[in-house]
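> Please find the sequence and the predicted model below.
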Amino acid sequence: MGVKAITCHLNERRIFTRDGGRWGLAQIHAILTRTTYVGEHRFNTRSHKDRERKPASEVAIMACPPLIDRETFDAVQARLKSRHPMMTPARVTSGPTLLTGICFCAKCGGAMTLRTGKGSSGGTYRYYTCSTQARQGKTGCEGRSIPMERLDQLVASHLEERLLQPERLETILASVLDRRQERAERRREHLAELHKRITETDQRLNRLFDAIESGVADLEAPGLKERIAGLKAIREQARADAERAQAAIDHAGNQAISPAMVETFARAARQRIRLEGGGYRRDHLRALAQRVEVADKEVRIMGSKSELLRTLVAASNGKSGVIGVQSSVLKWRARKDSNL
Ligand SMILES: [Zn+2]
């Protein structure tokens, strides 16, 4: 009997809810999955603000007298899962977790995917594990698993304590800022050349027109019309190029970075990385780090300098500060030694 059949069964037999109403699918489902009946009452499962489900790490569990045994409860959960039309492959939890998609096994390069397991006390725990190993066993890859909370915490605190310090940010961004400086100078030189070309072409055209007006040159002379058209084309091209160069200079000017901006960004970013009441802001973290490699003795956190710079500029201009990630360019590199 499924959730719907149970609901109909009760309603048809006039077995009503505590306050005399009819049963609904959601209520039946909630009862079937409520762990309170096996002696684990859960608090703090959803955010008060948006009703989003909170990460398992934040849920508080209080022991209470069980009404049904664990075997029955587990059997019901398994049955529910097997009947679910959108069932995911066994034991692999999909969905947006902090590091899935950017987390890789250092041994084989395979993605680290989130899996869940049952602890000895009956509670579930979650960990990132090498997907090659998960599929093929130790012969596929000897890479490791790491508890989700531990890795999330490690990456987030590294970003907070190391990357998001003004001095460190300035060091990382120094070469990018130098390159921008050089580019800006080249653009200004280029713009000056274009203006010079426009002026010179103008003068040549004027001299030609003067000659024609004073009768020195004949407009019908062979090649003269073509020469005028050629000079006009050069002038138009130079004007268009100058306009573009000017726009590029203006745009870059809006993106100038000052030490004060770096400092403000570092402070704001450190505060924003954590969610109120625990957990981390996924999109925010991913704008700072685009690849996490898990080895036996260390975790390597990598990100792109240009991405970091874009995030900083966007944040300073009052935009969200989170832009699509560009994981192909991995420039800044950090090592975090730890005993995982
Ligand atoms: Zn591996």
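The structure has been received and is ready for your questions. Numbers count the residues shown, from 1 in each chain.

> where's the residue sitting furthest away from the middle of the chain, which helix or strand?
Residue distances from the centre of the chain (CA atoms, centre = their mean) peak at G215, which lies 70.3 Å from the mean C-alpha position. Using DSSP states H and E, G215 falls within no helix or strand.

> The ion versus that one, what's the distance?
Between G215 and the ion the distance is 86 Å, computed by CB to the ion, to the nearest Å. (Each C-beta comes from the backbone N, C-alpha and C, glycine too.)

> Could you do A295 as well?
When CB to the ion is applied, the distance between A295 and the ion equals 10 Å.

> from memory that residue sits against G109, does it?
No. Using CB atoms under 8 Å, A295 is not in contact with G109, being 11.5 Å away.

> what's stretch 261-272 in contact with?
The contact list for stretch 261-272, computed with CB atoms under 8 Å, 6 or more residues apart in numbering, reads 160, 164-166, 169-170, 173, 281, 284, 288, 312, 315-316, 321.

> now the helices: where do they sit in the chain?
3-12, 25-33, 70-83, 131-136, 148-158, 166-213, 224-254, 259-272, 282-288, 305-316 (DSSP state H).

> Tell me which of those helices sits nearest to the ion.
helix 131-136 (4.5 Å; CB to the ion).

> what's the model's confidence in that closest one, averaged?
Taken as a whole, helix 131-136 has a mean pLDDT of 83.

> chain center to it: distance?
Centroid displacement of helix 131-136 relative to its chain, using CA atoms, centre = their mean, to the nearest Å, is 25 Å.

> list the buried ones in it?
Using 16 or more other CB atoms under 10 Å as the test for burial, helix 131-136 gives 131-134.

> again, but for stretch 68-75
F73.

> Near the ion, which residues of the stretch 1-150 of the chain are found?
The stretch 1-150 of the chain has residues 105, 107-108, 110, 130, 132, 141, 143 near the ion, with proximity defined as CB under 5 Å from the ion.

> could you redo the last one with a cut-off of 6 Å?
105, 107-108, 110, 130, 132-133, 141, 143 (CB under 6 Å from the ion).

> Which among those count as buried?
105, 107-108, 110, 130, 132-133, 141, 143.

> Those residues in strands, which ones?
Residues of these located in strands (DSSP state E): 105, 130.

> Let's have the helices of the chain in a markdown table, adding distance to M62.
Supplementary listing: the helices of the chain in a markdown table, determined by distance: least, CB to CB, whole Å:
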| stretch | distance to M62 |
| --- | --- |
| helix 3-12 | 26 |
| helix 25-33 | 17 |
| helix 70-83 | 17 |
| helix 131-136 | 33 |
| helix 148-158 | 20 |
| helix 166-213 | 43 |
| helix 224-254 | 54 |
| helix 259-272 | 31 |
| helix 282-288 | 29 |
| helix 305-316 | 41 |
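
> Just want the residue of the stretch 151-300 of the chain that's nearest the ion.
When scored by CB to the ion, the stretch 151-300 of the chain has V294 as its residue closest to the ion, at 8.7 Å.

> Thanks a lot, catch you later.
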